[in-house]
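Visitor: sequence-free structure coming up:
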């Protein structure tokens, strides 16, 4: 009996220990193991740094170049041209309204009086000028300019002054010239043919005929 009681006690103790171990397993949760995180080494990218450095250098170069573009280049005078050209050289007029070409020297100006009539006047004295009329050549037009020119002079002269025919200073295929004494000087009419053009010029000059030489050169340049 005593041996059975010991056996029963031993079995009860074993069962009690087994129950306690089960309770410990239940009540004490097992903490999950945290995996160790490996440190990742930073990899340097030299190419990206080089690209950034190149961009910075380019920006600096642009900033340095911009002030240079604002500076206007110095204009050098053509000393050779200005020294070789005469001051009073005639200038060929390029007025598109003209049906002829003409050279106008310094000190004189060309302007349109009305359609078909142009004026070259002295800038020093606007009362000294040349009226120019030009049309395609025909015998009828030439004769009209000739006859009408003499009639115009007869009204422009002083009382009793006669219209006189003079030698024409114009070098042309055909030419006629007339003159009359007026209140302010002389009035002359030159009618001439140059190639396919017939031209009439009416010259108003002072008593000393101060512009006679210049006006003759201007008229002879008509072409």
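Guide: Okay, I see it. All values reported here derive from a predicted model rather than from experimental measurement.
Visitor: quick one: low-confidence ranges for the chain?
Guide: Within the chain, the segments meeting pLDDT under 70 span 1-97.
Visitor: The protein: strands as residue ranges?
Guide: Remark: strands assigned in the chain by DSSP state E are 91-92, 103-104, 108-114, 117-122, 129-136, 164-166, 174-181, 185-194, 197-206.
Visitor: Helices of this structure, start to end?
Guide: 2-27, 46-70, 79-84, 139-156, 212-220 (DSSP state H).
Visitor: picking up where we left off before, would you convert the strands of the chain into TSV that also reports distance to residue 150?
Guide: Any C-beta I mention is one placed from the backbone N, CA and C, and that applies to glycine too. TSV is the format used below for these (distance: least, C-beta to C-beta, whole Å):
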stretch	distance to residue 150
strand 91-92	32
strand 103-104	28
strand 108-114	21
strand 117-122	18
strand 129-136	15
strand 164-166	9
strand 174-181	6
strand 185-194	7
strand 197-206	11
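Visitor: Leaving aside the residues adjacent along the chain, what's closest to residue 100?
Guide: Distance criterion C-beta to C-beta, 6 or more residues apart in numbering; nearest residue to residue 100, sequence neighbours excluded, is residue 134 at 4.9 Å.
Visitor: okay, now that neighbour: neighbour count?
Guide: Counted with other C-beta atoms under 10 Å, the neighbours of residue 134 add up to 21.
Visitor: now do residue 127
Guide: 11.
Visitor: do you know how far it is from residue 223?
Guide: 27 Å (C-beta to C-beta, to the nearest Å).
Visitor: what's the closest non-adjacent residue to residue 132?
Guide: That would be residue 118: by C-beta to C-beta, 6+ apart, it lies 4.7 Å from residue 132.
Visitor: Residue 220 is in contact with residue 194, correct?
Guide: No: with contacts counted by C-beta atoms under 8 Å, residue 194 stays clear of residue 220, the gap being 9.5 Å.
Visitor: count of residues packed around residue 196?
Guide: A total of 8 residues lie near residue 196 under the criterion other C-beta under 10 Å.
Visitor: what's the nearest residue to it if we skip its chain neighbours?
Guide: Leaving aside its sequence neighbours, residue 196 sits nearest to residue 137 (C-beta to C-beta, 6+ apart; 5.3 Å).
Visitor: can you check residue 149 too?
Guide: residue 189 (3.8 Å).
Visitor: Residue 174 too?
Guide: That would be residue 193: by C-beta to C-beta, 6+ apart, it lies 4.3 Å from residue 174.
Visitor: Quickly list what the one you found is bridged to.
Guide: On the basis of DSSP bridges, residue 193 takes part in beta bridges with residue 174, residue 198.
Visitor: could you list every residue that touches it?
Guide: Residue 193 sits next to 137, 142, 172-175, 199 when contact means C-beta atoms under 8 Å, 6 or more residues apart in numbering.
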